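[1] Okay, predicted coordinates and the sequence, questions at the end:
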Amino acid sequence: MSDSTIATEPATTGAVTTGTVGTSIAAVLEQILDARHSCRAFTSEIVAEETIEQILRMAQRTASWCNSQAWQVDLVSGDATAAFSTALMDHVMSNDMRSDLPIPERYEGVYGDRRRASGFGLYSALGIERSDHEARSRQMLENYRFFGAPHVAIITTDAGLGTYGAIDCGAYVSTFLTAATSLGVATCAQAGLALYSDGVREHLRIPEDRLIVCGIAFGYADTAHPANAFRTERADLSDVVRRHG
């Protein structure tokens, strides 16, 4: 899909349409959101530079607090991705976790239920038994191989912008994922990379006044890999929306 498919004239219903008669932008967006998932196995195929540029341009339109545009992106591609993975894996194996941002204190109630369902669903797709802690640890380390992706983006915020800078970066990540999906590029947002901020900062020479928020692995999905057969579910609106008035 390209920007040129979007028509400039509204339909009779008031919805802006795409090049397909009767298809609204909202319907296309819903298809993109339905298609997006966390890819956990990539092919080695490189994403064309013009496609990466388009993703970045689209993501740059993200709304932010006072238009501060808190995000900065360290983009790693090609041989540099393999070097980064090697360095980060060495760091993970020999250092404790240290995140620039506070990590969740606990997952209780429905949040714990959703977390367990996500983890166990992935392990089930991969044929990993819940009791097989060694296999689970190996799968966890795939985070630091970026699941085989040829590209990874590290998202940082200015330390002085505090919580709202991190929120702005979260919005940027969401737009990036959606934009990539619209162009047929698979993604996986990775909070796990931020859990070892020291290793990321050292290898990429990220200044101390930038807080590491997360990473985004991206490339093309290995559709035959069992990890990519797994999908998470979303809560019903009645579970998350409180109406007043």
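    Structure's in. What do you need?

[2] what about residue 36, how many neighbours?
    Residue 36 has 16 neighbouring residues, counting by other CB atoms under 10 Å. Where C-beta positions appear, they are placed from N, C-alpha and C, glycine not excepted.

[3] Go ahead and confirm it touches residue 178.
    Yes. Using CB atoms under 8 Å, residue 36 is in contact with residue 178, at 6.4 Å.

[4] so residue 189, which of the three states?
    strand (DSSP: H, G, I helix; E, B strand; the rest coil).

[5] ok, now how distant is it from residue 238?
    26 Å (CB to CB, to the nearest Å).

[6] any shared contact partners between residue 36 and residue 178?
    Both residue 36 and residue 178 lack any common contact, where contact means CB atoms under 8 Å, 6 or more residues apart in numbering.

[7] for this protein, what spans make up the helices?
    Along the chain, the stretches classed as helices by DSSP state H are 25-35, 49-59, 79-94, 109-126, 133-141, 162-182, 197-204, 237-240.

[8] With residue 72 as the reference, name the closest of those.
    For residue 72, the closest of the helices of the chain is helix 162-182, at 9.0 Å, according to CB to CB.

[9] what angle do that closest one and helix 25-35 make?
    Here helix 162-182 runs at an angle of 100 degrees relative to helix 25-35 (axes from the mean of the first three to the mean of the last three CA atoms, to 10 degrees).

[10] Return the set of buried residues in helix 162-182.
    Residues 165-173, 175-182 are the ones in helix 162-182 that count as buried (16 or more other CB atoms under 10 Å).

[11] Can you give me the pLDDT of the most centrally placed residue in the chain?
    With the centre of the chain defined as its mean C-alpha position, the nearest residue by CA atoms, centre = their mean is residue 189, 2.1 Å away. Residue 189 is assigned 98 on the pLDDT scale.

[12] what are the bridge partners for it, then?
    Assessed by DSSP bridges, residue 189 has beta-bridge partners residue 216.

[13] ok, now which ones touch it?
    Counting by CB under 8 Å, 6+ apart, residue 189 has contacts 38, 173, 177, 214-216.

[14] Looking at these, which is nearest residue 31?
    Distance to residue 31 across the contacts of residue 189 (CB to CB) is lowest for residue 177, with 14.5 Å.
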